[in-house]
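> predicted coordinates and the sequence they were generated for:
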Amino acid sequence: MEILSFKISGKMAHFRKYYANNTAFSFSIPPRTTLMGIVAAAMGWPKDSYYEDLASENIQFGIRVLSPLKKSFHRLNLLSIKSTGDMAKKWSSDFRGEGGRIQTPFEIVSGWNIGKDEVCYQVFLKSNGNGNGNSVFDDVKAHLLNKDPVYNITLGTANFSARISEIQLFKESEIQEQTSNDFIFLHSAVPTDYVEELRFDKDDYDSYNFVEEDMLPGDFIGNKNREVRKMNKLLFSTTAHPLRVKLLGSFFVLADGADEMNIRFIDE
């Protein structure tokens, strides 16, 4: 077994919630479907072509918050387009601002200091162990370790450019799958159903820890219509502090030099 890890960071992010195409709200962390798109962009795969290859039956994803996050609302000064006009014959057109502007609310994920800090996550991938999953994982592993992304990477919408860094492959000798009846520090997001108990103790942290629970899209139907077929209910920290939890089921201990981190994949 191998686990591929990389960090993705940028100035700001917006992971639009699934309620509607025009919703202003954003998830705090990238949903699994967004992680699929990030990997597909790095691989250069065509749009909507990767839903089955990167489905949870083949590839498992994990996500860790590496920088303290906050969400804030801003106003987008959008054009009001009610009529296209005939731009070939006259200058006047709503596309040139004749129809005025619309102030639209927009939720942005940023660091605590929006002027200095960045949004940073660590992503984990592993194969589910079947033939197709192993083949897809080997392709992704070889491409990312070669550090040759094809398309530009973003944190949600196209204008929030991001970069991939610190690509790392954890070998079998650096991975332990464990179970524990005691509380552990878990560094990644975890499916809520696998959390038996969550504990808050101020002595565990240098500062406050903020924890969110959210329902995020997990998989698409393979019909290229972006129809969600699976949701993931996740618990995660937004301060980069680990969760103090008692888990149902196993977790993975990754040896990173002298340090260790405990993670759980978001696919149930």
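That came through fine.
> now do the contacts for Thr154.
With contact set as Cβ atoms under 8 Å, 6 or more residues apart in numbering, Thr154 has these partners: Gly10, Ile38, Ala41, Phe160, Ser161, Ala162. (Each C-beta comes from the backbone N, C-alpha and C, glycine too.)
> output those as a markdown table; include the columns distance to Arg226.
Listed next are the contacts of Thr154 as a markdown table, based on distance: Cβ to Cβ, whole Å:
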| residue | distance to Arg226 |
| --- | --- |
| Gly10 | 23 |
| Ile38 | 16 |
| Ala41 | 15 |
| Phe160 | 19 |
| Ser161 | 22 |
| Ala162 | 21 |
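> selecting buried members of those in PyMOL, what would you type?
Typed into PyMOL, the line below selects the buried ones among the contacts of Thr154, using 16 or more other Cβ atoms under 10 Å:
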select buried, resi 10+38+41+160+162
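> would TSV of the contacts of Thr154 with secondary structure, distance to Glu52 and pLDDT be doable?
Formatted as TSV, the contacts of Thr154 follow (DSSP: H, G, I helix; E, B strand; the rest coil; distance: Cβ to Cβ, whole Å; pLDDT from 0 to 100):
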residue	secondary structure	distance to Glu52	pLDDT
Gly10	strand	28	94
Ile38	helix	17	94
Ala41	helix	17	92
Phe160	coil	27	93
Ser161	strand	28	93
Ala162	strand	25	94
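> quick check, Phe137 in a helix?
Yes - when DSSP: H, G, I helix; E, B strand; the rest coil is applied, Phe137 is found to be in a helix.
> would you check that it makes contact with Ile3?
No - if you go by Cβ atoms under 8 Å, Phe137 and Ile3 don't touch, sitting 9.7 Å apart.
> what touches both of the two?
Leu125, Lys126.
> quick one on the thing from earlier: between the contacts of Thr154, which is nearest Gly100?
Phe160 (26.4 Å; Cβ to Cβ).
> all helices for the stretch 101-250 of the chain, in order.
Ranges of helices in the stretch 101-250 of the chain, per DSSP state H, counting those that start in this stretch, are 131-145.
> can you list the low-confidence ranges for it?
202-207 (pLDDT under 70).
> and the residue positioned nearest the centre of the chain, how far from Ile266?
Centroid check for the chain by Cα atoms, centre = their mean gives Pro30 as the closest residue, at 2.4 Å. Counting by Cβ to Cβ, to the nearest Å, the gap from Pro30 to Ile266 is 11 Å.
> shared neighbours, the two?
Counting by Cβ under 8 Å, 6+ apart, the residues touching both Pro30 and Ile266 are Ile63.
> quick one: buried residues of stretch 228-248?
With burial defined by 16+ other Cβ under 10 Å, the residues of stretch 228-248 counted as buried are 232, 234-245, 247.
> for the residue nearest to the centre of the chain, what are its contacts?
Applying Cβ under 8 Å, 6+ apart, the residues contacting Pro30 are Ala13, Phe15, Ile38, Ile63, Tyr121, Leu155, Gly156.
> need the max-distance pair from those.
Across the contacts of Pro30, no pair lies farther apart than Ile63 and Gly156, at 13.6 Å, counting by Cβ to Cβ.
> if anything else comes up later, I'll come back, but that's it for now.
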